[in-house]
Every structure is written in structure tokens, then in C-alpha cells.
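Visitor: Here is my input, please return the structure:
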Amino acid sequence: MKKPAAESPATNATVHVDARIPMGMFFTLTGTILTAFGLSTRDNAAVYQKSLGIDVNLWWGLPLLVFGIVLLTLGRRGQSRIESGRK
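Guide: Residues are numbered from 1 along each chain as shown. This next block holds a predicted model:
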């Protein structure tokens, strides 16, 4: 019985993705949704009655959006370094 040949690094199908990219996408999407909801409901005082009139969707959506964009930016820089190192 023949042994299977070991794969060489050139034919290895592993994917190298910086983890900050999908995390940044998640936080950017969540922040965008919260910010849009906060902006669309900021004139409705009944929605924010329990939170002392503070538009928490807007004020939490903005930091999540900024954090997601920072993660995406850093992830893209890291991904380009990974790709340039493999060439």
C-alpha cells in the first residue's frame, strides 16, 4: 500500500486571514445598525424613557462603529503584511 505524499507548502490550501478583519466587520455592522436606529428614533421620547431620555443606541453605536473601523484598518494592514511575507 502506498503512503500518501506529503503536501508541499506550495499546494497547502490553508488560508491566512488576520482575525481583526472579521471582528472589525462585525463591530462595524453592529455599530452601523445601532447608530442608524438611534438616529431614526431620536425624536421619539417614549423609546428612551427608561434610559432617562438618553439615546443609548446612538451613543453606543458610534463607539462600536469607530472601534470596528479601527479593527478593519489594522486588520487590512496586517493582512497585507501576511501576503507580502508569503511571496
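Visitor: Residue nearest the middle of this protein, spatially speaking?
Guide: Gly24 (1.8 Å; C-alpha atoms, centre = their mean).
Visitor: Distance of that residue relative to Arg81?
Guide: According to C-beta to C-beta, to the nearest Å, Gly24 stands 16 Å off from Arg81. In short, each C-beta sits where N, CA and C put it, glycine included.
Visitor: Tyr48 too?
Guide: Tyr48 sits 44 Å away from Arg81, going by C-beta to C-beta.
Visitor: returning to what we had before: how about the residue nearest to the centre of the chain, secondary structure?
Guide: helix (DSSP: H, G, I helix; E, B strand; the rest coil).
Visitor: picking that back up, looking at Tyr48 and Arg81 now, which is surrounded by more residues?
Guide: Set side by side, Tyr48 and Arg81 show more neighbours around Tyr48, with 17 against 11, by other C-beta atoms under 10 Å.
Visitor: residues near the nearest residue to that one once chain neighbours are set aside, how many?
Guide: Of all residues not flanking Tyr48 in the chain, Asp55 sits nearest, at 5.8 Å (C-beta to C-beta, 6 or more residues apart in numbering). Burial of Asp55 is recorded as 18 neighbouring residues (other C-beta under 10 Å).
Visitor: Was I right to think Asp55 contacts Thr35?
Guide: No: the pair Asp55 / Thr35 is not scored as a contact, 10.0 Å apart, by C-beta atoms under 8 Å.
Visitor: OK, contacts around Gly75?
Guide: When contacts are counted by C-beta atoms under 8 Å, 6 or more residues apart in numbering, Gly75 touches 18-21, 23-24.
Visitor: again, 6 Å this time
Guide: Neighbouring residues of Gly75 by C-beta atoms under 6 Å, 6 or more residues apart in numbering: 18, 20-21, 24.
Visitor: Leu64 now?
Guide: For Leu64, the contact set (C-beta under 6 Å, 6+ apart) comprises 27, 30-31.
Visitor: Mind checking which of those residues land in strands?
Guide: Of the positions in those, not one sits in strands, assigned by DSSP state E.
Visitor: closest to Val66 among these?
Guide: Among those, Gly31 lies closest to Val66 (C-beta to C-beta), at 7.3 Å.
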